[in-house]
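Peer 1: below are the sequence and a predicted model for it; my questions follow.
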Amino acid sequence: MITSGEFLERMRRLRPNCYMHGELVRRDDPRLMVSMKDILMSYDLAQDPKWADLVLATSHISGKKINRWTHIHQTVEDLLKKQKLTREASHLSGTCIQRCMGTDMMNALSVASKEADEVNNGKTEYHQRFLNFLKEFQEKDMVGAAAQTDVKGDRLLRPHEQADPDLYLRVVDRKPNGVVVRGCKVHTTVGSYCDELIVTPCRTLTAEEKDWAICFSIPADTKGVTMLIEAANPTPRKAFPAEVEKHGIGHTVTIFDDVFVPYERVFVDGETRVASRAALLFALYHRHSYTGCKPAYTDLLMGTTALIAEISGIEKEQHVRHKLAEMISVAELVNAAGIAAAYNATRASSGTMIPDVIFCNVGRKHAGVNIYHEYDILCDICGGQPQTMPYEEEYANPKIRPYLDKYFMRKKDVPPEIQHRAFRLAQDLIAGPIASNMQIAGVHGGGSPIMEDIAILSQYPIEEKKNIARRLAGIPEVDPKAKKK
Ligand code: SF4
């Protein structure tokens, strides 16, 4: 394992290939450091004995202690610990902790690389390549970004039907020692401060789409890779410094302009069914991670709602209590879905534990449909204050401060600065740059809502439910297997 300082040094050594606000920037650009904070935190937690039980794991390939964010889940307990770690670390951050991206991609590829060998009757060596890469990933304590979502072009056309076939990343050339890929991935969380870009398709593929059926990993500064950064940084504090201002989240548009990928880093190549499965597996692992981070975010929205209600003297009002009960229900049902997904996990042929599809997806769906409702509750309890409160600089002005201390008051026994700090946090959550990021991620992160419905409906035994109805109605039951055919 390495320290956060060593990780930062590694980032400094990467070839600059990231653009921000029109400039080529280095990885330690101050505008990126806030977004990178949670990645650095993931290393700091591993050095903290209080976090050891959650953050440390034992590698199943080397037997060494490793950071859990580089671990391949071997047991139900591994899945439970990853979920708990995600929830608890997210409490420290108040936003997306980001390192789950690489973890989820690595777990997906651990399964897919093995299955790719199986469809080739053991004549390929994808899984051994993956294990070699995993060893390096764990020893160097790497951060991986999930470069999955293609730009997709015309949404009604398949990859091979697009006017420009590069709208889905694909193989454009083959060399004796590797492949050349071209395309563009979007929403690449952590892209500008990761070690590796880990790539899978973003959808299921058909037999004629072998060139798009490619899974691989390459260093983030590989020749031909260019990244365009979007960093959602919280509003910096001037008068009342607070932890919340230190945590942001960064994404990139990641362009692959004829990038060479050596075969030792290619884990699926042309096996369309397995590449499709890799895409779905990443989404599945990520939705399971979501059952940790999303309850954590609800905890924050709920805690802020309760705090504002307390300061305002309305915490015992029935409508406030019911609203808090709604938020508690969302947080704990989503969390419970993740626990159920872990307990109902199955073991893949690679040995990796795969969380249950239904529980992961219903949990993620429940979180997604409630996200704006949770903001609605916080906004309702706060009133208009988070949007119209004065700039912080006015509090630093000794001439103005007494006015604010006198008039910015609710309950008289709560000091004005406490009231101000609470509403400033609410402002960050409802009206700041992080708010829009977390709202949109709350709907689309880990795949759009329709993908959750597709996953649920494709796996759920709905015919069995119809048979319950048939039996009670006196209608002959139908064998679900016969119906599938
Ligand atoms: Fe992890 Fe949640 Fe952020 Fe995804 S959205 S990277 S699961 S913290």
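Peer 2: Perfect, thanks for sending it. The model shown is predicted, which means the values in this text are computed figures rather than measured ones.
Peer 1: need the contact list for residue 444.
Peer 2: By C-beta atoms under 8 Å, 6 or more residues apart in numbering, the residues touching residue 444 are residue 187. Placement of C-beta: from N, CA and C, glycine included.
Peer 1: now do 7 Å
Peer 2: Counting by C-beta atoms under 7 Å, 6 or more residues apart in numbering, residue 444 touches no other residue.
Peer 1: and what of the one 5 residues further on?
Peer 2: Under the criterion of C-beta under 7 Å, 6+ apart, the contact partners of residue 449 comprise 365, 368, 443.
Peer 1: can you do 10 Å?
Peer 2: By C-beta atoms under 10 Å, 6 or more residues apart in numbering, the contact list for residue 449 reads 364, 365, 368, 369, 443.
Peer 1: so residue 305 sits against residue 331, correct?
Peer 2: No - using C-beta atoms under 10 Å, residue 305 makes no contact with residue 331, being 12.0 Å away.
Peer 1: overlap of the contact sets of the two?
Peer 2: With C-beta under 10 Å, 6+ apart as the test, residue 305 and residue 331 both reach residue 374.
Peer 1: compare the contacts of residue 449 and tell me which has the most neighbours.
Peer 2: residue 364 (31 neighbours; other C-beta atoms under 10 Å).
Peer 1: ok, the residue in the stretch 301-450 of the chain that the ligand sits nearest to - how many residues close by?
Peer 2: Distances between the stretch 301-450 of the chain and the ligand by C-beta to the nearest ligand atom are smallest at residue 445, namely 4.7 Å. Other residues near residue 445 come to 23 when the count uses other C-beta under 10 Å.
Peer 1: that one contacts residue 96, doesn't it?
Peer 2: Yes - if you go by C-beta under 10 Å, residue 445 and residue 96 touch, sitting 7.9 Å apart.
Peer 1: which residues do these two both contact?
Peer 2: 189, 293, 437, 438.
Peer 1: surely the second one touches residue 93?
Peer 2: Yes - applying C-beta under 10 Å as the test, residue 293 and residue 93 come out as touching, 9.0 Å apart.
Peer 1: could you pick out the longest strand of this protein?
Peer 2: strand 249-262 (DSSP state E).
Peer 1: now that strand - C-alpha only, CSV.
Peer 2: Extracted in CSV, the C-alpha atoms of strand 249-262 (Å, rounded to 0.1, in the frame of the first residue of the first chain):
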residue,chain,number,x,y,z
ILE,A,249,-15.8,15.6,-7.6
GLY,A,250,-14.2,15.5,-11.0
HIS,A,251,-15.2,13.9,-14.3
THR,A,252,-13.7,13.9,-17.8
VAL,A,253,-14.6,13.5,-21.4
THR,A,254,-12.0,10.9,-22.3
ILE,A,255,-10.9,10.8,-26.0
PHE,A,256,-9.0,7.8,-27.4
ASP,A,257,-7.4,8.9,-30.6
ASP,A,258,-5.9,5.7,-32.1
VAL,A,259,-4.5,4.5,-28.8
PHE,A,260,-2.3,1.4,-28.8
VAL,A,261,-3.3,-1.2,-26.1
PRO,A,262,-0.8,-4.1,-25.7
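Peer 1: now do the buried residues in that strand.
Peer 2: 249, 250, 251, 252, 253, 254, 255, 256, 259, 261 (16 or more other C-beta atoms under 10 Å).
Peer 1: closest to the ligand among those?
Peer 2: residue 249 (7.5 Å).
Peer 1: so what's the residue count around the spatially closest residue to the closest one that is not a sequence neighbour?
Peer 2: Among residues not flanking residue 249 along the chain, residue 96 sits closest, at 4.8 Å (C-beta to C-beta, 6 or more residues apart in numbering). By other C-beta under 10 Å, the residues close to residue 96 number 27.
Peer 1: also residue 185?
Peer 2: By other C-beta under 10 Å, 25 other residues sit near residue 185.
Peer 1: pretty sure it contacts residue 151?
Peer 2: Yes - Residue 185 is in contact with residue 151 according to C-beta under 10 Å; the separation is 7.9 Å.
Peer 1: return every residue with contacts to both of those two.
Peer 2: Contacts common to residue 185 and residue 151, judged by C-beta under 10 Å, 6+ apart, are 168, 169, 202, 253, 255.
Peer 1: same list, these, but as JSON lines with pLDDT and distance to residue 267 please.
Peer 2: Shown next, in JSON lines, are those (pLDDT from 0 to 100; distance: C-beta to C-beta, whole Å):
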{"residue": "168", "pLDDT": "98", "distance to residue 267": "18"}
{"residue": "169", "pLDDT": "98", "distance to residue 267": "14"}
{"residue": "202", "pLDDT": "95", "distance to residue 267": "16"}
{"residue": "253", "pLDDT": "98", "distance to residue 267": "24"}
{"residue": "255", "pLDDT": "98", "distance to residue 267": "22"}
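Peer 1: tell me which two of those sit farthest apart.
Peer 2: Based on C-beta to C-beta, the longest span within the shared contacts of residue 185 and residue 151 runs between 202 and 255 and measures 15.6 Å.
Peer 1: with adjacent residues omitted, what lies nearest to the residue of the stretch 301-450 of the chain closest to the ligand?
Peer 2: Of all residues not flanking residue 445 in the chain, residue 290 sits nearest, at 6.6 Å (C-beta to C-beta, 6+ apart).
Peer 1: distance of the one you found from residue 469?
Peer 2: 32 Å (C-beta to C-beta, to the nearest Å).
Peer 1: higher neighbour count, the two?
Peer 2: A count of neighbours by other C-beta under 10 Å puts residue 290 above the other of residue 290 and residue 469, at 28 against 10.
Peer 1: list the contacts of the more buried one.
Peer 2: By C-beta under 10 Å, 6+ apart, the contact list for residue 290 reads 83, 86, 100, 104, 297, 334, 337-338, 360, 363-364, 367-368, 441-442, 445-447.
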